[in-house]
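**Q** Mind folding the following:
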Amino acid sequence: MFKDDNQLDDFFGLKPADRDKFSRDTKINFKRKKFKEILLLVPQLLSKKERHLILLFSAVIIFSLIAIPFAAYRHFTEAAPDYGGSFVEGVVGEPRYVNPLLSRTNDADRDLVSLIYSGLMKYNEEGKLIPDLIKSYEVSSDGLNYTIYLKENARWHDGINITADDVIFTIQTAQNPDYGSPERLNWQGVEIERVGDYVLIFKLKNKYAQFLNNLTIKILPKHLWQDIKPINFAFSELNLKPVGSGPYKFIKLKKDKNGRIISYKLTANKSYHEGRPFIDEIEIFFFNSEDELIESYNKNDLDSMGFVSSKNLKKVKFKQRLNMHQLKIPRYFAVFFNQNQSKTLSDKNVRLALNYGTDKNALISKLLEGNGITANSPLGEEFSESKESLDKYPYDVEKAKELLAGKEKISLKLSTSSWPELTEAANLLKEQWAQIGIEVHVEVMQTPELQQVIRERNYEMLLFGEILTPDPDPFSLWHSSQKRDPGLNLALYDNKTADTLLEEARLLLSPTERSKKYESFQKTLIEDVPAVFLYNPYYLYPQTKQIKGAETKIISMPSDRFANINKWYMETKRVLK
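**A** Reported below is the predicted structural model:
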């Protein structure tokens, strides 16, 4: 800007006569002082608008200089799960046996077992069967031998390696009637051979296509259980203070003054064979009823709830904090006809009329607030050419009346559970069937009484539910050999063609070929009208939005909502793309 000091002196008003009177440092200080004075005069020479523009441009420049590195950081990185966080979930029930061989009948037990223990196989978030403790497996050409190779990096929560001995101990304990395990039925006739520390063979007497489903049983640590005698098996402290190999480890439990267990605290298993879970801690609280559960959530004592029925959703506050997962579960509710108890139901036209006279969509709307789908078969549309082919008996009051034309007045008894949803469903069916001229007497029973009635098959019509697996075997539900207790053929269905199809299907290892058999079975059964299939409710899981990565869509039972819990996360970090 200035070619020499003379120009600079002129700029600051320093006269030529005075130039030599001052040292260079003095000149510099003098010039600095003059420069500041000039700078102070600049704003006075600018208009208000010009001053604002300068300030704005200055702010933009400063912000840009600061923002550029942050923008570059975000551009070249992405959010990824990080370790940390905790959550509290509430469930209805109380744990008694956190033991995979005793937990079948208690959802609270199952929830804890699914978090604390591992199985040989498990269901993933899509309801597909995948390895858990198994590294790989082989099936012999005749379908009778299953060679299992265990993961060698899997350990119990106390640090001891899991071996074939643990698996053999668990299965043999389940098979032994002295231990009273409900899992015994799945393992009758199965032999086990130990090949090595991490290799064993399951030997079947008869081919069974769905045998891999049985391998979802959770495994017990032999070194802790082997000295516990059968008479003490259900009373061991390990049933409440378990040691497993799953994604979470038991820390402590709390009881109220009456000795009731009110909570369990779990911590992430850092040595989990599928990788340390991201969420550090989980606390599960237990409640006597759904109303108590919801009340606790509404008081901000809980982050999530294990389940809420459709009817109670309106009681839940702060819904904006929740992801309402609608999980599909392979089950259905139906009215089963016992033709042995009612001559009226032996008339196929009466059974058809009851089907045509049932408005399933109205049931779903009133009972489930729309949270469900219609059921038209014992398996579902995945085993049919089309959904329409299953809906053979659409709601048609006039058709139902035609089928009953000329018949004497019909009166039938409908038995069901005291569970509010089923009681309401029974009364809605009573109203619907009254419109086609059928009088229905509803009989509501408490669980023990209903179980006895079912064992004795002492009912005309039974409103009840059936639970399948994602890869179902309906043999125990519909084969004629299962008409009596402990079989679950509640309609006492007996058809030789259907029996043959069920027998053949469970021998086919090919899923495609097996599906064809089940499709034919469905067509045969639907034609015989042994029941009115009603609806399949969604499993509603209200989960805090703070949890990410919960991608479960299909569950075989409520505890499977934790299927991919080791992938859930609450904290994030930035990583390079």
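**Q** going forward, measure contacts between C-alpha atoms and count neighbours the same way
**A** Noted.
**Q** pretty sure residue 467 contacts residue 330?
**A** Yes - counting by CA atoms under 8 Å, residue 330 is a contact partner of residue 467 at 6.2 Å.
**Q** These two: which is more packed in?
**A** residue 330 (22 against 15; other CA atoms under 10 Å).
**Q** check contacts around that one.
**A** 467-470, 536, 555-556 (CA atoms under 8 Å, 6 or more residues apart in numbering).
**Q** Need the pLDDT of it.
**A** The model reports residue 330 with a pLDDT of 90.
**Q** picking that back up, just the contacts of residue 330: which are in strands?
**A** Using DSSP state E, the subset of those located in strands is 467, 536.
**Q** What is the burial count for residue 552?
**A** Close neighbours of residue 552, defined as other CA under 10 Å, add up to 20.
**Q** Return the backbone torsion pair for it.
**A** According to degrees, to the nearest 10, the main-chain angles of residue 552 amount to phi -60, psi 130.
**Q** Check residue 284 too.
**A** Dihedral angles (degrees, to the nearest 10) for residue 284: phi -110, psi 120.
**Q** Look at it and say how many residues are nearby.
**A** 22.
**Q** For it, give me its contacts.
**A** 88-91, 263-265.
**Q** now with 10 Å?
**A** 87-91, 108, 111-112, 253, 262-266, 302, 304-306 (CA atoms under 10 Å, 6 or more residues apart in numbering).
**Q** With residue 156 instead?
**A** Counted by CA under 10 Å, 6+ apart, residue 156 has contacts 117-118, 162, 220-221, 243-246, 249, 269, 271-273.
**Q** Then residue 200?
**A** 137, 146-150, 163-165, 167-168, 192-194.
**Q** Give me the subset of those lying in helices.
**A** Applying DSSP state H to these, the entries found in helices are 164-165, 167-168.
**Q** ok so, going back, make a markdown table out of the contacts of residue 200 and add pLDDT, neighbour count and distance to residue 314.
**A** Shown next, in a markdown table, are those (pLDDT from 0 to 100; neighbours: other CA atoms under 10 Å; distance: CA to CA, whole Å):
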| residue | pLDDT | neighbour count | distance to residue 314 |
| --- | --- | --- | --- |
| 137 | 97 | 14 | 48 |
| 146 | 98 | 18 | 49 |
| 147 | 98 | 19 | 51 |
| 148 | 98 | 22 | 49 |
| 149 | 98 | 22 | 49 |
| 150 | 98 | 23 | 47 |
| 163 | 98 | 22 | 49 |
| 164 | 98 | 21 | 50 |
| 165 | 98 | 17 | 51 |
| 167 | 98 | 24 | 46 |
| 168 | 98 | 21 | 48 |
| 192 | 98 | 18 | 52 |
| 193 | 98 | 13 | 55 |
| 194 | 98 | 16 | 55 |
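**Q** next helix or strand past the host helix or strand of residue 212?
**A** For residue 212, the host element (DSSP states H and E) is helix 211-214. Remark: after helix 211-214, the chain's next helix or strand is helix 222-225, criterion DSSP H and E.
**Q** What ranges does the stretch 351-500 of the chain have for its helices?
**A** Applying DSSP state H, counting those that start in this stretch to the stretch 351-500 of the chain gives helices spanning 360-368, 387-390, 397-404, 420-434, 447-456, 475-478, 496-505.
**Q** cool, the stretch 1-150 of the chain as well?
**A** Ranges of helices in the stretch 1-150 of the chain, per DSSP H, counting those that start in this stretch, are 5-11, 24-45, 48-76, 107-116.
**Q** Low-confidence stretches in the stretch 301-450 of the chain?
**A** 381-389 (pLDDT under 70).
**Q** If we go by neighbour counts, what in stretch 418-437 is buried?
**A** Going by neighbour count (16 or more other CA atoms under 10 Å), the buried part of stretch 418-437 is 422-423, 425-430, 432-433, 436-437.
**Q** scratch that, stretch 289-304
**A** Using 16+ other CA under 10 Å as the test for burial, stretch 289-304 gives 290, 293-294, 296-298, 302-304.
**Q** repeat for stretch 356-365
**A** Going by 16+ other CA under 10 Å, stretch 356-365 has these buried residues: 356-361, 363-364.
**Q** From the contact counts, what lies against the helix holding residue 212?
**A** Packing partners of helix 211-214 (3 or more CA pairs under 10 Å, 6 or more residues apart in numbering; DSSP states H and E): strand 121-123, strand 129-131.
**Q** how does the chain divide into domains?
**A** 5-77, 86-328+539-576, 331-537 (automatic domain parsing).
**Q** and these, which one is worst for confidence?
**A** domain 5-77 (a mean of 63).
**Q** burial measure for residue 114, as a count.
**A** Neighbours of residue 114 (other CA under 10 Å): 25.
**Q** Kindly provide the distance from it to residue 565.
**A** According to CA to CA, to the nearest Å, residue 114 and residue 565 sit 10 Å apart.
**Q** what touches both of these two?
**A** Counting by CA under 10 Å, 6+ apart, the residues touching both residue 114 and residue 565 are 247-248.
**Q** For the buried residues of stretch 356-365, give me CSV that also has distance to residue 407.
**A** Formatted as CSV, the buried residues of stretch 356-365 follow (distance: CA to CA, whole Å):
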residue, distance to residue 407
356, 17
357, 16
358, 19
359, 22
360, 25
361, 28
363, 27
364, 31
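**Q** so what sits against both of residue 467 and residue 330?
**A** 556-557.
**Q** re the thing from before, among the helices of the stretch 351-500 of the chain, which comes closest to residue 131?
**A** helix 496-505 (23.4 Å; CA to CA).
**Q** For that closest one, buried residues please.
**A** Buried, per 16+ other CA under 10 Å, within helix 496-505: 498-499, 501-502, 504-505.
**Q** what's across from residue 540 in the sheet?
**A** residue 326 (DSSP bridges).
**Q** I figured it hits residue 311, correct?
**A** No - contact criterion CA atoms under 10 Å: residue 540 and residue 311 do not qualify, at 11.1 Å.
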